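Novice: Quick one: sequence plus predicted model below, questions after.
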Amino acid sequence: MIKIFQSIQVSDKVSGMVDHSFEIANVIHYILEKQGKTQLDLTNLLGKEESEISRRMQGTHNFRLSEIGQIESVLGERLLHSPTLLPSYPVGRSRLICYTQISLEIKSIVIPS
């Protein structure tokens, strides 16, 4: 069965979308675990059907920005971050997520007159 999936050709656009969807699902799983919550807790917080959230959390769902905003709101944490806080985690179903903080040292500031 694995060989069948490895032989499927997809465009870079589809591959990128799937990668991002898995990453978002991984971040949600990580936040839930960190907060001691379950997927069922998220379902109840969002007021959705369990099957709907389950489908989204499998990692192949194309998350809309409105959905991301709702999830961020009920969990009280951001799912997407600015370039100053870059998430780094493996692509796929692993729920291990490690955040790497980028720090910049300012040596001098020049204010034009």
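Specialist: Yep, it's here.

Novice: in the longest helix along the chain, what's buried?
Specialist: If you go by DSSP state H, the chain has its longest helix at helix 12-34. Buried residues in helix 12-34, counted by 16 or more other CB atoms under 10 Å: 18, 21-32. In this view, the C-beta of every residue, glycine as well, is placed from N, C-alpha and C.

Novice: mind checking the SS state of residue 77?
Specialist: Secondary structure for residue 77, judged by DSSP: H, G, I helix; E, B strand; the rest coil, is coil.

Novice: can you pull the contacts of it?
Specialist: residue 31 (CB atoms under 8 Å, 6 or more residues apart in numbering).

Novice: Show the model's pLDDT score for it.
Specialist: Reading off the confidence values, residue 77 has pLDDT 91.

Novice: Roughly how far does it sit from residue 19?
Specialist: 21 Å (CB to CB, to the nearest Å).

Novice: Equivalent analysis for residue 12, please.
Specialist: Residue 12 is 10 Å from residue 19, by CB to CB.

Novice: Find the residues that touch each one of these two.
Specialist: Common neighbours of residue 12 and residue 19 (CB under 8 Å, 6+ apart) do not exist.
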